[in-house]
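In: Below: sequence and its predicted model.
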Amino acid sequence: MYEPKTKETDHSVIEFIEQIENMKKREDAYRLLDIFTETTGFEAKMWGPSIIGFGSYHYKYATGHEGDAPLAGFSPRKAKISLYFEPGDTGREELLARLGKHTSAKSCVYVNKLADIDVEVLKLLIKQSMTITQEMYPEGR
């Protein structure tokens, strides 16, 4: 049976952030921690070794694959900051067009630094992604 690698852990979010060598990235991580906490209403938890997640939901695909994931989250990676959003959000492109300097993949949006993006648009992305995820997986956790 498939065992997901990214699970909620008891590791300290603050200790993780404090280990970030780049001071500017560490400052951005603390600011994102505040933004996501305020916007989601959830306490930050570590998911796997490097994702800071907020809230959670249980998913189950038609294939039978299932697991738990954070409703929203980010990871201050060495190269870029990864922001995690629901990939099934059809309104995401409109908000991304207003976000600022970024690149994106299926469920990730990558930014170099927080100063490159509009924080108010980020908050809208977080709220919209959470709403859609909760509608798709109403059982929650």
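Out: Right, received. Where do you want to start? Numbering: from 1, shown residues only.
In: where do the helices sit along the protein?
Out: Along the chain, the segments classed as helices by DSSP state H run 13-18, 23-40, 92-99, 119-136.
In: which one of those lies closest to Phe85?
Out: Smallest distance to Phe85 across those (Cβ to Cβ): 4.0 Å, for helix 119-136. Yep, even glycine has a C-beta here, placed from its N, CA and C like the rest.
In: in that closest one, what counts as buried?
Out: Along helix 119-136, these residues count as buried under the neighbour rule (16 or more other Cβ atoms under 10 Å): 121-122, 124-126, 128-130, 132-133.
In: quick one: that helix to helix 23-40, angle?
Out: Calculated by axes from the mean of the first three to the mean of the last three Cα atoms, to 10 degrees, helix 119-136 forms an angle of 50 degrees with helix 23-40.
In: in the chain, what spans have low per-residue confidence?
Out: 1-5, 140-141 (pLDDT under 70).
In: Point to the residue nearest the middle of it.
Out: Central residue of the chain (Cα atoms, centre = their mean): Gly73, 1.8 Å from the mean position.
In: So for stretch 45-60, what gets flagged as buried?
Out: Here stretch 45-60 shows 45-47, 51-57 as buried, counting by 16+ other Cβ under 10 Å.
In: between those residues, which is nearest Ile81?
Out: Ile52 (10.6 Å).
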